[in-house]
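Q: Let me see the structure of the following:
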Amino acid sequence: MKLNYVIEFVADMDRAVKFYRDVAGLQLKFQSPGWSEFSTGETSLGLHPASENNPAGRIELGFSVANLERFYRELSAKGVQFTMPPTKQDFGGALAQFVDSEGGLCSVAEQTSNAANHH
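A: A predicted model of the protein is given here:
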């Protein structure tokens, strides 16, 4: 399993991008109203609009695994709660979401040969 993204849910995308780009000095890969991404080495920082389920300031870890179905079966068998089973996304890949031991949200995608954005 590899950590690909740390995702922060934000109330104001422009304000958050300006903070991480202009104040913190991160390199902006791209910006859009629904997803903005910064290069931070092996792991990217993604900004996603906040919602009722994901209030501003909440963090989600985004992992990738070689076989998403197997990962889902193995962790489910260990009692891990998945808030979303592997589900086909509009970007073409599949994504699952689970809750860690501390109540933190984690998303997991299947590794692809290219480094395609999963949002």
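Q: Which phi and psi values does Tyr20 adopt?
A: Reported as degrees, to the nearest 10, the phi and psi values for Tyr20 are phi -70, psi -30.
Q: Spit out the contact partners of it.
A: In this structure, Tyr20 makes contact with Leu26, Leu28, Phe38, Leu45, Leu47, judged by Cβ atoms under 8 Å, 6 or more residues apart in numbering. Glycine gets a C-beta too; all of them are placed from N, C-alpha and C.
Q: who's the third one bridged to?
A: In other words, Phe38. Here Phe38 sits in beta bridges with Leu28, Leu45, as judged by DSSP bridges.
Q: how about low-confidence regions in the chain?
A: Across the chain, residues meeting the criterion (pLDDT under 70) sit at 113-119.
Q: which residue of it sits farthest from its center?
A: Among the residues of the chain, the one whose C-alpha is farthest from the average of all C-alpha positions is Ala77, by Cα atoms, centre = their mean at 23.3 Å.
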